[in-house]
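S.K.: coordinates for the following, if possible.
(chains A and B)
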Amino acid sequence: MVLKYSKVTLSKFMDPQHVGEMPDADGVGEEGNFKCGDVMKIFIKIKEDKIEKIRFQTYGCVAAIASTEMMCSMVEGMSVEEAKKVTPQTISQRLEDVPPIKHHCSILGTYALQKAIEDAQKKENKK
Amino acid sequence: MSKQIIYLDNAATTKLDETVLEAMMPFFKESYGNPSSIHQKGLEAYDAVEQARKHIADSIQASPQEIYFTSGGSEANNFALKGIAFANKEKGKHIITTKIEHKSILDACKWLEQQGFEVTYLDVDEQGFVSPKAVEQAIRKDTILVSVIHGNNEIGTIQNLKAIGVICAKNNVYLHSDACQSYMKTPISVTQQALSAVSLNAHKLHGPKGIGALYIRKGTKIEALIHGGGQEKGMRGGTENVPLIAGFGQAIKSYKKTHNKHMQELRDTLINGVLNTISGVRLNGPQGEQRLVNNINFSFQAIEGEAIGGLLDHKYICSSTGSACSSASLDASYVLKAIGLSHEQANGSLRLSLSKYTTYEDIKKVLKELPPIVTKLRKISPFGTQVDPKTTKTTKE
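M.R.: Numbering: from 1, shown residues only, chains lettered A, B, ... in the order given. Presented below is the predicted three-dimensional model:
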């Protein structure tokens, strides 16, 4: 099977800028897909309703790492409401020509982000 | 100037040998005859085909009359399985094979099951060996064929065909082996291994793609797969691919045993180098003499194979993986699962396969580039810290 990745995808994969854990995260979300084996973990810090800082850890393929990195670079600095609206399609588009078999990687990323936001909001409500 | 590639995916295909290209060229150019024609142009082509046939026959201690050219290993496998099944169906409809065969065997078996045949897929142990005893126990009165891959393409396991051959001969059952990966890399003797049929191909041995052969022991009952034209004594229709056959013959003629010794040394240097410098790694398949001389297959904890391959490719090192992410079906390698690997272990696999062109410098480069790649991906992975920590030592120059 040929997996042709765009230059954008490859550069996000080779040089991700948002890798890491965040012990003091406001929200953490994890999503996994056993079929492909990808697992993504998103950490966010929220300040004045904005995603001030976002970090990720991904177990997965080229597309999985590139998708989460692309999502993080898009979402950092967005308001929480804007971040909730980021779709897998937008991520795939920004990556330019993700092979169709890899689209699920972008879907996983957005699920993990949603979970992180929900986690942050739950913790906020408890305060 | 393009950067020098370190090509370590020779189990997928190999670089064409220069002498092979030279041997093929005349048959693309001035010697373009059809071997079935009765004039001198035809005879020239006929002689080339027969010369190649002899080289191939000699290499497995067969006679030239027992070699039938095909379009490759997959066709040879289909020819063997379907041809023997249909020719012997009055005697029985049971076939025995293993769970680690090439897809062309497994899918041919699945198709035969749809045609009313019954197939037993034998388990293998954690190193990929099928037990001759298990073959014996699986044989029934209606068994007509056993097909066991000689050298496995993913994990390098070389089966004990001699022992399996004895059992099949004793029970009057045909034995076929897919030897596409093992051919020339380890001895094949159709007499000593009591083989009824053997699949061979050229492009794993610096020959061209698109050509293979099926050895069929004289007296074996087998139907043709491709009818028409009468070529190959009526057993495989279609004008012979003379240039590719000439290339195939030359590839076999020019292959030396010293290549195997060379590859084995490099293989073991690479295996030991990785095991000594990277933590959380497992070698898949056996070590030593029972492993194909050019095959290396590792599983790395906490990281995924396609990503490893991607970073290696960035460093001009070509490799392969058994991970789910790299397959069209999103299924991890069935061979790795058959030897008992978990989904994660199969997903973290990396296969490197050498050739006679691989150098010690290539191996040194892999040993230099692989540890930091593994470290980088483990930093990205949420499971990276769960790997047993060990200081990565640099290899000695």
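S.K.: low-confidence stretches in chain A?
M.R.: Residues of chain A that meet the criterion pLDDT under 70 lie in A:1-3, A:33-36.
S.K.: quick check: residues of it near chain B?
M.R.: A:1, A:3, A:10, A:13-14, A:16, A:19, A:30, A:34-39, A:41, A:57-65, A:101 (C-beta under 8 Å from any C-beta of the partner chain). No exception for glycine: its C-beta is placed from N, CA and C like everyone else's.
S.K.: buried among the residues you listed? Need that as a selection in PyMOL.
M.R.: Selection of the buried residues among these in PyMOL, burial being defined by 16 or more other C-beta atoms under 10 Å in any protein chain shown:
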select buried, chain A and resi 3+10+13+16+19+30+36+37+38+39+41+57+58+59+60+61+62+63+64+65+101
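S.K.: now do the SS call for A:Lys123.
M.R.: At A:Lys123 the chain is in helix, as set by DSSP: H, G, I helix; E, B strand; the rest coil.
S.K.: what sits against A:Gly37?
M.R.: Applying C-beta atoms under 8 Å, 6 or more residues apart in numbering or on different chains, we find A:Gly37 in contact with A:Tyr59, A:Gly60, B:Glu304, B:Ser323, B:Ala324, B:Cys325, B:Ala332, B:His343, B:Glu344, B:Asn347.
S.K.: need the strands for the stretch 1-150 of chain B, in chain order.
M.R.: B:6-7, B:67-70, B:94-98, B:118-122, B:143-147 (DSSP state E, counting those that start in this stretch).
S.K.: what helices or strands is the second one leaning on?
M.R.: This points to strand B:67-70. Using 3 or more C-beta pairs under 8 Å, 6 or more residues apart in numbering or on different chains; DSSP states H and E, the elements in contact with strand B:67-70 are helix B:40-59, helix B:73-87, strand B:212-216.
S.K.: rewinding a little: between the contacts of A:Gly37, which sits nearest B:Ile296?
M.R.: Among the contacts of A:Gly37, B:Ser323 lies closest to B:Ile296 (C-beta to C-beta), at 15.9 Å.
S.K.: ok, B:Ala80 to A:Gly60 distance?
M.R.: Distance of B:Ala80 to A:Gly60, computed by C-beta to C-beta, to the nearest Å: 39 Å.
S.K.: near chain A, which residues of the stretch 201-350 of chain B show up?
M.R.: B:302-307, B:310-311, B:314, B:323-328, B:330, B:332, B:343-344, B:347.
S.K.: buried ones among the residues you listed?
M.R.: For these, a neighbour count by 16+ other C-beta under 10 Å gives the buried set as B:302-307, B:310-311, B:323-327, B:330, B:332, B:343-344, B:347.
S.K.: OK, contacts around A:Thr90?
M.R.: A:Thr90 neighbours (C-beta under 8 Å, 6+ apart): A:Met74.
S.K.: work out for me the element it sits within.
M.R.: helix A:88-95 (DSSP states H and E).
S.K.: check A:Met40 too.
M.R.: Secondary-structure assignment from DSSP H and E places A:Met40 in strand A:38-47.
S.K.: what strands line up against that strand, and which way round?
M.R.: strand A:27-33 (antiparallel), strand A:50-59 (antiparallel) (DSSP bridges).
S.K.: spatially central residue in chain B, please.
M.R.: In chain B, the centroid-proximal residue (C-alpha atoms, centre = their mean) is B:Gln181; its distance is 2.5 Å.
S.K.: hang on, that one is in a helix, isn't it?
M.R.: No - looking at B:Gln181 with three-state DSSP, it is coil, so not inside a helix.
S.K.: for chain A, see how far away it is.
M.R.: The gap separating B:Gln181 from chain A is 20 Å, by C-beta to the nearest C-beta, to the nearest Å.
S.K.: next one: the helix or strand that contains B:Met263 to chain centre, how far?
M.R.: Applying DSSP H and E as the criterion places B:Met263 in helix B:257-277. In terms of C-alpha atoms, centre = their mean, to the nearest Å, the centre of helix B:257-277 is found 19 Å from the chain centre.
S.K.: any idea how far B:His102 is from the residue nearest to the centre of chain B?
M.R.: On the measure of C-beta to C-beta, B:Gln181 and B:His102 end up 8 Å apart.
S.K.: now do A:Glu69
M.R.: 37 Å.
S.K.: neighbour count winner among these two?
M.R.: Between A:Glu69 and B:His102, counting by other C-beta atoms under 10 Å in any protein chain shown, A:Glu69 is the more crowded of the two (26 against 20).
S.K.: what helix or strand is the more buried one on?
M.R.: Using DSSP H and E, the element containing A:Glu69 is helix A:62-75.
S.K.: next up, the contacts around A:Ala112.
M.R.: Taking C-beta under 8 Å, 6+ apart as the test, what A:Ala112 contacts is A:Gly29, A:Glu30, A:Glu31, A:Met40, A:Lys41, A:Ile42, A:Phe56, A:Thr68.
S.K.: most neighbours, which of these?
M.R.: Of these, with other C-beta under 10 Å as the count, A:Thr68 tops at 33 neighbours.
S.K.: residues touching it, list them.
M.R.: Shown in contact with A:Thr68 (C-beta under 8 Å, 6+ apart): A:Pro16, A:His18, A:Met40, A:Ile42, A:Phe56, A:Thr58, A:Cys105, A:Gly109, A:Ala112.
S.K.: tell me the one of those residues nearest chain B?
M.R.: Distance to chain B, by C-beta to the nearest C-beta, is smallest for A:Thr58 among the contacts of A:Thr68, at 5.8 Å.
S.K.: ok, whichever residue of the stretch 51-200 of chain B sits closest to chain A - how many residues close by?
M.R.: Nearest residue of the stretch 51-200 of chain B to chain A (C-beta to the nearest C-beta) works out as B:Lys103 at 12.8 Å. B:Lys103: 12 surrounding residues under other C-beta under 10 Å.
S.K.: next: B:Gln51.
M.R.: Neighbours around B:Gln51, by other C-beta under 10 Å: 17.
S.K.: ok, the closest residue to it other than its chain neighbours - how many residues close by?
M.R.: Sequence neighbours aside, B:Gly249 is the residue nearest to B:Gln51 in space, at 6.0 Å (criterion: C-beta to C-beta, 6 or more residues apart in numbering or on different chains). Here the count is done by other C-beta under 10 Å, and B:Gly249 has 26 residues near it.
S.K.: contact partners for B:Leu370?
M.R.: Residues near B:Leu370 by C-beta under 8 Å, 6+ apart: B:Val274, B:Ile278, B:Leu312.
S.K.: isn't the last one up against B:Ser319?
M.R.: Yes - proximity of B:Leu312 to B:Ser319 meets the contact threshold set by C-beta atoms under 8 Å, at 5.2 Å.
S.K.: overlap of the contact sets of these two?
M.R.: The contact sets of B:Leu312 and B:Ser319 overlap at B:Leu350 (C-beta under 8 Å, 6+ apart).
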